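*Asks:* compute the structure for the input listed below.
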Amino acid sequence: MEESAFKVDAPCEHFNFCGGCSVQQLDYEEQLNQKKQQVEDLFRRQAGIADFTVDKVIAADEHYNYRNKMEFSFSNRRWILPSEADDAENDFALGLHVPRRYDKILNINRCHIQPELGNDILNIVKSKARELNLKPYDVKTHIGFLRHLVLRFGHNTGDVMVNLVTSYENPELIKPLADHIHAQFPQVTSIINKLLLGNMKHSFMVSQQSLKKWVILYLKFLLIPFSRPIPGKGKSCIMLLWKELD
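*Replies:* Residues are numbered from 1 along each chain as shown. The predicted model follows:
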């Protein structure tokens, strides 16, 4: 076996163990080429269009720091890295799943696909939650308080939403964390506490600066849900389609 000519160095320190990204080590132009081939193959084999070809691939303007939504998980079952001792502390993590493991979370210090502000919020929430002794949720025993940290970024408006997802309602526990986020990041527009109670979901506004803006922004997301993680691409695709139909 030989190393691919399209291999590049992945910028993320977590890449080898994180389930969030899978092709950072592949040259971006080759990523586009392979995705183009996958789409063409799908239409030819599944749809039976033998001569189907993709005319144009619309590349992303930004390869990193582009996401407008990220969801991180809290866990008391942190993934221990090979470089760590077997008895390393593993009872608290805030990050992303390792591949093919629903019960193990890789602690994330910096995620390259979200804005840098998101990384600052991620680390502040992680340290403050530990300081407040807030218990992460255990997906096996279903015991614990903190479940997810969801961040939304309005790239066109500058607004930021922080959603603290918990397993039950307890304002006395969540308010100090929300207040700390608000104090550290005054640019955060709103802080939500979403509850996951079995199959039921409820949301409460913990802190708000401009709810009306976010209602409008949320409606915009609903109009083009397929492009939600990549700002601007939905508009580009729609404009291209409109031009072809005109």
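*Asks:* break this structure into its domains for me.
*Replies:* Residue ranges for the domains of the chain, per automatic domain parsing: 1-57, 69-223.
*Asks:* which among those domains is found nearest to His63?
*Replies:* domain 1-57 (5.7 Å; C-beta to C-beta). Every residue, glycine included, has its C-beta placed from N, CA and C.
*Asks:* end to end on that closest one, go ahead and measure it.
*Replies:* End-to-end span of domain 1-57 (C-alpha to C-alpha, to the nearest Å): 30 Å.
*Asks:* please apply the same query to stretch 141-150.
*Replies:* Start-to-end, stretch 141-150 (C-alpha to C-alpha) is 23 Å.
*Asks:* show me which positions of it end up buried.
*Replies:* Buried residues in stretch 141-150, defined by neighbour count with 16 or more other C-beta atoms under 10 Å: Gly144, Phe145, Leu146, Arg147, His148, Leu149, Val150.
*Asks:* cool, and stretch 118-126?
*Replies:* Gly118, Asn119, Ile121, Leu122, Ile124, Val125, Lys126.
*Asks:* packing partners for the helix or strand harbouring the fourth one?
*Replies:* Assigned by DSSP states H and E, Leu122 belongs to helix 116-131. Based on contacts counted as 3 or more C-beta pairs under 8 Å, 6 or more residues apart in numbering; DSSP states H and E, the elements that helix 116-131 packs against are strand 69-75, strand 93-97, strand 146-153, strand 160-166, helix 171-184.
*Asks:* what sits up against that helix?
*Replies:* 65, 67, 70, 72, 74, 92, 94, 107-111, 136, 146, 149, 151, 153, 160, 162, 164, 176-177, 180-181, 184-185, 187-188 (C-beta atoms under 8 Å, 6 or more residues apart in numbering).
*Asks:* can you give me the helices for the chain?
*Replies:* Under the criterion DSSP state H, helices of the chain are mapped to 28-45, 116-131, 171-184, 211-223, 233-245.
*Asks:* quickly, which of the ones you listed bottoms out on average pLDDT?
*Replies:* When those are ranked by mean pLDDT, helix 211-223 comes last with a mean of 41.
*Asks:* so who does Tyr14 touch?
*Replies:* I think there's a mix-up here, since residue 14 is His and not Tyr. Neighbours of His14 in contact, by C-beta under 8 Å, 6+ apart: Gly20, Gly95, Leu96, Leu106, Ile108, Asn109, Arg110, Cys111.
*Asks:* what of Phe185?
*Replies:* By C-beta under 8 Å, 6+ apart, the neighbours of Phe185 are Leu117, Asp120, Ile121, Ile124, Val160.
*Asks:* residue nearest the centroid of this structure?
*Replies:* In the chain, the C-alpha nearest the mean C-alpha coordinate belongs to Met70, at 2.2 Å (C-alpha atoms, centre = their mean).
*Asks:* so Arg77 makes contact with Leu106?
*Replies:* No - if you go by C-beta atoms under 8 Å, Arg77 and Leu106 don't touch, sitting 10.8 Å apart.
*Asks:* which neighbours do those two share?
*Replies:* Shared contacts of Arg77 and Leu106, counting by C-beta under 8 Å, 6+ apart, come down to Ala93.
*Asks:* the two: which is more packed in?
*Replies:* Legend: neighbour count by other C-beta atoms under 10 Å for Arg77 and Leu106, higher for Leu106 (24 against 17).
*Asks:* which outside residues touch stretch 96-112?
*Replies:* In contact with stretch 96-112 (C-beta under 8 Å, 6+ apart) are residues 11-14, 17-21, 24, 64-65, 70, 72-75, 77-79, 93-95, 118-119, 122-123, 126, 139-140.
*Asks:* I'd like the buried residues of stretch 141-150 as JSON lines, with pLDDT and distance to Pro171 appended.
*Replies:* Supplementary listing: these in JSON lines, determined by pLDDT from 0 to 100; distance: C-beta to C-beta, whole Å:
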{"residue": "Gly144", "pLDDT": "96", "distance to Pro171": "17"}
{"residue": "Phe145", "pLDDT": "97", "distance to Pro171": "12"}
{"residue": "Leu146", "pLDDT": "98", "distance to Pro171": "14"}
{"residue": "Arg147", "pLDDT": "97", "distance to Pro171": "16"}
{"residue": "His148", "pLDDT": "97", "distance to Pro171": "18"}
{"residue": "Leu149", "pLDDT": "98", "distance to Pro171": "18"}
{"residue": "Val150", "pLDDT": "97", "distance to Pro171": "19"}
